[in-house]
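**Student:** structure, please.
(one chain, ligands or ions: 1)
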Amino acid sequence: MPSQRKRKQPIVEETPVASKGALFGMALGLGGLLLLGSRQAAVSQQNGDAERGRYLVNHVAMCIQCHTPREPDGRLDRRKLLEGGSIPIESPYPDQVWGFEAPQLKGLPGWEVEDFVTLLTTGRRPDGRSPRPPMPPFRLSEEDARAIVAYLNSLE
Ligand code: HEC
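**Tutor:** Reported below is the predicted structural model:
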């Protein structure tokens, strides 16, 4: 057994210097990539990732379902995506104060970005009031709220 251990030693030492250099270079490159990645993450956190915002608005939080007008047959009028919609039904709860018009979100008319982020992260506007139901009191992460801002501002 001891002789086997001795034989292993030189094999490690024989590793060519060039490949050690290559490994070092790869490590440096990887470090650089990680640094770049974290910087990009920081930038997208600040500016919002519009593609993620599109996904959240259209497929997860479903803002489009209420904030887009509908065709007479009930389908969303996609040419007017997020230009504001009517809620065609009343609240099932007789005493609930209900909002019947969901305003335009495209381009965020009348909104300061920070106020909009507050609304989506706390469910409340900066004055402390919440929009009436059926608007849900969202508690999104700040990153998701900023992604939604980026998407809504990107719509033509
Ligand atoms: C189930 C329907 C529904 C969904 C889904 C919905 N909303 Fe609304 N939203 C409304 C209604 C109705 C109002 C109007 C509330 C009122 O009149 O008080 C409203 C109001 C708002 C307002 C204006 C709030 C104010 O006080 O001025 C914003 C901004 C808004 N919604 C953004 C969003 C965003 C962003 C999403 C998706 C993340 C979303 N909404 C999803 C129905 C909805």
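**Student:** give me the number of residues near the residue lying closest to Gly99 once chain neighbours are set aside?
**Tutor:** Nearest non-adjacent residue to Gly99, counting by CB to CB, 6 or more residues apart in numbering: Arg132, 3.8 Å away. In short, each C-beta sits where N, CA and C put it, glycine included. Per other CB atoms under 10 Å, the neighbour tally for Arg132 reads 13.
**Student:** for the one 3 residues further on, same thing?
**Tutor:** Look at Met135: counted by other CB under 10 Å, it has 18 neighbours.
**Student:** just the pLDDT for it.
**Tutor:** Looking at Met135, its pLDDT is 98.
**Student:** ok, now Asn47?
**Tutor:** The model's pLDDT for Asn47 equals 78.
**Student:** and Ser19, by the same measure?
**Tutor:** 51.
**Student:** same question, Glu13
**Tutor:** The model's pLDDT for Glu13 equals 48.
**Student:** likewise for the one 10 residues further on?
**Tutor:** pLDDT recorded at Leu23 is 46.
**Student:** again with Leu28
**Tutor:** 49.
**Student:** likewise for Arg7?
**Tutor:** Arg7 is given a pLDDT of 51.
**Student:** let me know whether Val149 touches Val113 as I believe.
**Tutor:** Yes. In terms of CB atoms under 8 Å, Val149 counts as a neighbour of Val113; the distance is 5.6 Å.
**Student:** quick one: which of these two has more around it?
**Tutor:** Taking other CB under 10 Å, Val149 and Val113 do not tie; Val149 has more neighbours (21 against 14).
**Student:** which of the helices or strands spans that one?
**Tutor:** helix 142-154 (DSSP states H and E).
**Student:** for that helix, what is the distance to the chain centroid?
**Tutor:** Distance of helix 142-154 from its chain centroid, counting by CA atoms, centre = their mean, to the nearest Å, is 6 Å.
**Student:** residues from this structure in reach of the ligand?
**Tutor:** Residues of the chain lying close to the ligand by CB under 6 Å from any ligand atom are 57, 61-63, 65-67, 87, 99, 102-103, 105, 119-120, 125, 131-132, 134-136, 138, 148.
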